[in-house]
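Enquirer: Have a look at this prediction, sequence included:
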Amino acid sequence: MADFTYLLRPKTFDEVVGQEHLCAFDAPLRCLCESGNLTHSFFYGPPGCGKTTLARIIAQVMDLPFYEFNATSLKIEELRKIFNQYENTLTKPLLFIDEVHRLAKNQQEVLLPVMEKNSVLVIGASTENPYFSLTAAMRSRSLLFELQTIGVTSLEDLLGRTGITMDDEAKEYLIVSSGGDARAMLKLLEVASALEKPLTLELLKSLRPSAQAQGSSEAGVHYDLASALIKSIRGSDADAAIYYLARLIEGGEPPEFIARRLVILSSEDVGNANPQALTLCTSAMVSVKQIGYPESRIILAQAVIYLCASPKSNTAYNAINSALEAVRNGVILEIPDCLRPRGANYLYPHEYGGWVEQTYLSKPLKFVEYKNSGYEAKMGEWMAKVWGK
């Protein structure tokens, strides 16, 4: 069985695909490496985009001894042994730590002194954004580089280097189903070619029945997908919202998390333009907690489509934020006597047909601006009518 992952692993910057912003001739990362000035760095990006490969190329270009670790099994004694080995030498080793977001706090603290002295070059790799997973002390001593998902054109280029022939349908499925993960594409090709059968769409689907998608457990993907869902609903694009909902579900996102986000959105972005949205989303939140997957997908889809098709208003969101800002800025008004318990001269609105004019604020303030959207338009009309405005 040909190990394409090993055979096609780039050995120079020029051989790397899909990361031109880091590996092009005039890219800052490459320039720093070739001039010997690269400092501690952390690479983050989706699986199979070349983080480990890039670290190995850097070690080769800078002519540094290369030590590779995984944070899940890294022992502090191993680090100290390397530190002691190179303590009184002119050689600086490169320590590459994969899954760096899993480094414990005490492990990070052991690395800090040698990073400060530059006695070693530390490079880490992670699928999670280091802004969230590393301590401020680690980040302040390092450069952060983001690697991109490998695009279709770059995957086609990589596939062409294998020399394996296949029909167009198989080629397209091999690329698209890999979800931008070069390692996943080459691994599927490796297994399929070992069967000594024609590489067809049917064969590839029998080995990978469905397209590979990024899970939503990684912090970056999690927040990106949740943000895309919310913004698509806010923009009333039901097809986009359903797509991102499917990505979250397929990525293993708990239905309770999605439902809570929808409840918040029903007030923040729909509000009184359609008051029923909050009721429906609250019911959905209760339901998915009791039911779970797979049936919860239908409940969530119903709520998402309903929110997309609802008129939008952020009046409540804006009003409470403005009022809170006023209070925090020292706008503390005296409560009118008629509103206090057992206060004198309070006028009971129901005795006057539902509304009567009286003082509710000792000083006029304006926070609520009704929008001409859905049911809120009627609310604004009624308020203007009773207040004579």
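Expert: Alright, I've got the coordinates.
Enquirer: show me where the protein has strands.
Expert: Using DSSP state E, the strands of the chain run over 41-44, 66-70, 94-98, 121-126, 143-146.
Enquirer: elements contacting the longest one?
Expert: Helices and strands in packing contact with strand 121-126 are listed as strand 41-44, helix 51-61, strand 94-98, helix 105-117; criterion 3 or more CB pairs under 8 Å, 6 or more residues apart in numbering; DSSP states H and E. Using the backbone N, CA and C atoms, a C-beta is placed for each residue, glycine as well.
Enquirer: what about the ones you listed, which gets the closest to Pro364?
Expert: Across the helices and strands packed on strand 121-126, Pro364 has its closest neighbour in strand 41-44 (51.6 Å, CB to CB).
Enquirer: Adjacent strands (with direction) for the closest one?
Expert: Strand pairing for strand 41-44, using DSSP bridges, gives strand 121-126 (parallel), strand 143-146 (parallel).
Enquirer: Give me the residues contacting that strand.
Expert: Applying CB atoms under 8 Å, 6 or more residues apart in numbering, the external contacts of strand 41-44 come out as 29, 51, 54-55, 100, 122-130, 134, 138-139, 142-147, 220.
Enquirer: From the residues you listed, list just the buried residues.
Expert: For those, a burial check counting by 16 or more other CB atoms under 10 Å picks out 29, 51, 54-55, 100, 122-130, 134, 138, 142, 145, 147, 220.
Enquirer: picking up where we left off before, which one of the strands paired with strand 41-44 lies nearest to Met185?
Expert: strand 121-126 (19.2 Å).
Enquirer: average model confidence for the closest one?
Expert: Average pLDDT, strand 121-126: 93.
Enquirer: if we can go back for a sec, would you format the strands of the chain as TSV with distance to Tyr360 included?
Expert: Formatted as TSV, these follow (distance: least, CB to CB, whole Å):
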stretch	distance to Tyr360
strand 41-44	53
strand 66-70	63
strand 94-98	61
strand 121-126	54
strand 143-146	52
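Enquirer: Look up how far Glu109 lies from Lys231.
Expert: Per CB to CB, to the nearest Å, Lys231 is found 39 Å from Glu109.
Enquirer: what's the answer for Glu156, then?
Expert: Following CB to CB, the distance that separates Glu156 from Glu109 is 45 Å.
Enquirer: Any stretches of the stretch 251-389 of the chain with poor pLDDT?
Expert: Within the stretch 251-389 of the chain, the ranges that satisfy pLDDT under 70 run 389.
Enquirer: try 80 this time
Expert: 251-252, 342-343, 388-389 (pLDDT under 80).
Enquirer: burial count for the spatially closest residue to Glu357 that is not a sequence neighbour?
Expert: For Glu357, ignoring the flanking residues on the chain, the nearest one in space by CB to CB, 6 or more residues apart in numbering is Trp387 at 7.8 Å. By other CB atoms under 10 Å, the residues close to Trp387 number 9.
Enquirer: Kindly report the same for Arg342.
Expert: For Arg342, the count of nearby residues is 6 (other CB under 10 Å).
Enquirer: repeat for Lys92
Expert: Neighbours around Lys92, by other CB under 10 Å: 17.
Enquirer: Am I right that it is in contact with Met115?
Expert: No - at 11.7 Å, Lys92 does not count as touching Met115 under the criterion of CB atoms under 8 Å.
Enquirer: And Asn70, how far from Leu103?
Expert: 10 Å.
Enquirer: Repeat that for Glu369.
Expert: From Glu369 to Leu103 the distance is 49 Å (CB to CB).
Enquirer: who's more crowded, these two?
Expert: Leu103 (23 against 10).
Enquirer: and the closest residue to that one other than its chain neighbours, what does it touch?
Expert: Spatial nearest neighbour of Leu103, excluding adjacent residues (CB to CB, 6+ apart): Ala71 at 4.7 Å. The neighbours of Ala71, taking CB under 8 Å, 6+ apart as the test, are 97-103, 107.
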